[in-house]
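Student: Sequence plus predicted model, see below.
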Amino acid sequence: MTHKTLFGIAAILTSIGFVLQSIPTAGAYGPTISMGSNANFAIYYSSYQSGTVFTNTTSMTAIITDISVTSSTYGCTRRLSISNSTDQFSLTNVGSDSKVISLISGIKVPAGESLSTTGGTYCQDLSISGYYAHP
């Protein structure tokens, strides 16, 4: 090989190196989780009556990821709804045990909105947990 051929190969390899280095790395886009003192939340609602479970008073969106319902002897159905929304989430528990649901994408409760529940006579305890995310 002549020095012209080696110089040409070196120039091509250098050019490829510059092109590869200029390509930005891939990044995932999604909700930014707050890194405040406590980005997670857990709420316990002990009542068979309908009512407001919690109101999101933060400026962030609350994402509910886990729901647990406990019923007495006969079982029950809990319905969760968010204020200013027509969507509802129903959870039925049969028997006198606990029903736990883990959600992958979660239920969003926007800032300033409330989460309410309705339940039957045999619904006892409701526990929810999740995290806060920036909108």
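Tutor: Everything's here; your move.

Student: got the contact list for Val69?
Tutor: Counting by CB atoms under 8 Å, 6 or more residues apart in numbering, Val69 touches 76, 78, 91, 93, 98-99, 123, 125-126. (Glycine included, C-beta is placed from N, CA and C.)

Student: before we move on, which element is it in?
Tutor: Applying DSSP states H and E as the criterion places Val69 in strand 61-71.

Student: Also Phe18?
Tutor: helix 3-22.

Student: buried residues in the strand holding Val69?
Tutor: By 16 or more other CB atoms under 10 Å, the buried positions in strand 61-71 come out as 61-65, 67-71.

Student: As CSV, could you dump the C-alpha coordinates of that strand?
Tutor: What follows is strand 61-71, C-alpha atoms only, in CSV (Å, rounded to 0.1, in the frame of the first residue of the first chain):
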residue,chain,number,x,y,z
THR,A,61,-50.3,15.3,38.8
ALA,A,62,-50.9,12.5,41.2
ILE,A,63,-50.6,9.0,39.6
ILE,A,64,-52.4,6.3,41.5
THR,A,65,-50.5,3.0,41.0
ASP,A,66,-51.9,0.7,43.7
ILE,A,67,-55.4,0.2,45.1
SER,A,68,-56.5,-2.2,47.9
VAL,A,69,-60.1,-2.9,49.0
THR,A,70,-61.1,-4.8,52.0
SER,A,71,-64.6,-6.1,52.5
